[in-house]
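# Starting from these lines, generate the structure:
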Amino acid sequence: MSTHTTPNPAKQRSMLPYLIVLVLVSFAGYIGFMVYGAMKSEVNLVSEEYYAEELEYTNRMKQVSRAQQLETPIQIISAPAAEQLVIQFPAELAAAKGTVHLFRPSDGKLDITLPLQLNAEGLQHLTTANLKKGKWRVQVTGKVGEKEYYQAQEITL
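Numbers count the residues shown, from 1 in each chain. You can find the predicted model right below:
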């Protein structure tokens with residue numbers, strides 16, 4: 001009787017565990033990269049005091065309503081060729097005091113607030129030469145006596 005033994009074939013290692021570990025490490029690295037990028041990005045809110053402004057919403061709507069009821073509306077006229085912005089109040093509101101807020105939606109650091117200084121005809125001229133080109137929102141608030149008026153308009157320089 002002859003005994004013949006066959007040698008054990010060498011077992012091949014499976015690559016599946018290594019592939020699973022590689023995928024999990026790659027995924028964790030990707031998530032880490034995304035979290036790092038999100039932490040480094042600058043978050044610009046529309047306004048720094050968003051919640052305080054939200055509380056004034058009812059008052060703002062009354063101001064808008066009063067401005068819409070005027071016989072001659074408050075006008076905001078952009079003249080890009082002359083690099084000027086003209087704010088025109090009706091003659092009966094020429095004594096109004098208030099503010100002109102130039103709001104840049106894309107960058108709050110460029111926002112400008114100026115006093116409303118109307119001449120005898122109810123006009124105020126503002127130069128736009130030093131403003132960055134693009135979209136702006138002009139918000140005008142005027143007060144005569146106890147009544148406040150608000151007008152907003154978007155312009156492109």
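# Secondary structure of K62: a helix, I assume?
Yes. K62: assigned to a helix according to DSSP: H, G, I helix; E, B strand; the rest coil.
# got a list of what it touches?
E148 (C-beta atoms under 8 Å, 6 or more residues apart in numbering). C-beta coordinates here come from the backbone N, C-alpha and C atoms, glycine included.
# For it, give its distance to Y150.
Distance, K62 to Y150, using C-beta to C-beta, to the nearest Å: 9 Å.
# now K132
Taken as C-beta to C-beta, the span from K132 to Y150 is 25 Å.
# Neighbour count: those two, which is higher?
Using other C-beta atoms under 10 Å as the criterion, K132 and Y150 rank with Y150 on top: 21 against 11.
# Quick check: the residue nearest to the more buried one when sequence neighbours are not counted vs E71, distance?
Distances taken as C-beta to C-beta, 6 or more residues apart in numbering put Q63 closest to Y150, at 3.6 Å, once the chain neighbours are dropped. To E71, Q63 is 17 Å away according to C-beta to C-beta.
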